[in-house]
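# Build me a model from this:
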Amino acid sequence: MKPELAIIHFNPIEQYPPVMNFIKVLEQENLRSVVYTMHPPRHFKLFSTDSPVRIFRSGKTDRQRRLGRLLNYIQFYTSTTIQLFVSGCRSVLYYETNSFLPAWIYSRVMKIAGRKIRVFCHYHEYTTEQEYENGMKLTAWLHKKEQGFYKNLSGISHTNQKRSSLFTAENDYKNEVIVFPNYPPSSWSAGSAVKEPNGLPLKLVYVGALDPDTMYVKEMAEWIKHQKGTVLLDIYTNQKAGNAIQYLEKLDCNYITLKGPVEYYSMPEVLKHYDIGLVLYKGMTPNYVHNETNKLFEYLSCGLSVWYSDRVKGIDKHSQQSTFPKVIPVNFESIQDDLIDVTLSPANGRKVFFNAESAIKTYLERIKTNE
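Numbers count the residues shown, from 1 in each chain. Presented below is the predicted three-dimensional model:
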């Protein structure tokens, strides 16, 4: 039987937990689907599915040379476009501009053949026109084609209301932009207890990629070193090299430990041992200024309080210090003297509940009602 939904995700889905959560719900809903994506780096555990969802992978992200990267694009676009015609799917969801080309070719050809294909688009990030123009030429070209195709789309979605509003204003988009948030599985909240710190040392954790240019890696690390053991930080990352890793190794701080990667669905078991989750983005672009990052919801779902940069305005609406888990804005360029006291100050507990399944099912209903 023909699949009911085709998903195109140029980057490996293993690096995008919200997409893996989406696919798991498709399985639960018994919605016949196909997913087109790229092979992940070798150190990633391959995400697998059961019927009725099938995953096709083409291209390898481990190719670093220019010719290899070009081959990735050619291989992915050619394979995915052919597979779309083989599938005969009537609904296509593509993620981000770099996934647009196969959906565009497929829908255009099928229209000529007299068959209407419903195409939906979801953006993980908000990208300004200037960023497109200053970025990779192929992506900029695809975006111009994509903008011309917006009027033919059955739906566009962003991860939060502010990004949706910015997109609408910059693209003069007349239709409603769907808000499709990135929440962790509901089991994370259901199975987690509220973490009220038991005094010093405070146990901090950071999960994800590190970049000293766009994140407060150095500022946080130097502050922790000066605390002389009252604050401990464990970092879980796939990175084994790079400027951030070199800096941390050179800093030689006994209170900071590089733990290596953690598998996404194992995070609740890991995070329950910590007090504070860190969000270190500097907020250098509109995308990050208005970011309600996955990490925020993941930490809170596991009962942890959160420290985040006061420049990331997207998290401000979640900021609060009256109950645990707390969400505390921090000036990482000049960390306040009373940060530890504010974090430890007595407060009642609250159960935070975020539900990826509910958000995904609501989004699927929006797709179905557009038939």
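# My guess is Arg366 contacts Val177. True?
No. Counting by C-beta atoms under 8 Å, no contact exists between Arg366 and Val177, whose distance comes to 11.3 Å. No exception for glycine: its C-beta is placed from N, CA and C like everyone else's.
# Which stretches in the stretch 51-200 of the chain count as strands?
Counting by DSSP state E, counting those that start in this stretch, one finds strands in the stretch 51-200 of the chain at the ranges 53-60, 91-95, 118-122, 155-158, 178-179.
# ok so, going back, neighbour count: Arg366 and Val177, which is higher?
Between Arg366 and Val177, counting by other C-beta atoms under 10 Å, Val177 is the more crowded of the two (20 against 16).
# quick one, what contacts the nearest residue to that one once chain neighbours are set aside?
Spatial nearest neighbour of Val177, chain neighbours left out: Ser164 (4.0 Å); criterion: C-beta to C-beta, 6 or more residues apart in numbering. Under the criterion of C-beta atoms under 8 Å, 6 or more residues apart in numbering, the contact list for Ser164 reads Ser157, His158, Val177, Ile178, Val179.
# quick revisit: deepest of the strands of the stretch 51-200 of the chain, which one?
Between these, strand 91-95 has the highest mean count of neighbours, a mean of 24, where neighbours are mean count of other C-beta atoms under 10 Å.
# relative orientation of that strand and strand 118-122 in degrees?
Between the axis of strand 91-95 and that of strand 118-122 there is an angle of 20 degrees, by axes from the mean of the first three to the mean of the last three C-alpha atoms, to 10 degrees.
# Does anything pack onto strand 91-95? Which helices or strands?
strand 5-9, helix 100-112, strand 118-122 (3 or more C-beta pairs under 8 Å, 6 or more residues apart in numbering; DSSP states H and E).
# can you redo those as TSV with mean pLDDT?
Rendered in TSV, the data for the helices and strands packed on strand 91-95 read as follows (pLDDT from 0 to 100):
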stretch	mean pLDDT
strand 5-9	97
helix 100-112	98
strand 118-122	97
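# possible to save the strands of the stretch 51-200 of the chain as a markdown table with distance to Tyr132?
Formatted as a markdown table, the entries for these read as follows, by distance: least, C-beta to C-beta, whole Å:
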| stretch | distance to Tyr132 |
| --- | --- |
| strand 53-60 | 22 |
| strand 91-95 | 16 |
| strand 118-122 | 15 |
| strand 155-158 | 16 |
| strand 178-179 | 21 |
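# Tell me which of those strands lies nearest to Ile13.
Nearest to Ile13 among the strands of the stretch 51-200 of the chain is strand 53-60 (7.6 Å), distances taken as C-beta to C-beta.
# Could you give the average pLDDT over the closest one?
Confidence for strand 53-60, expressed as mean pLDDT, is 93.
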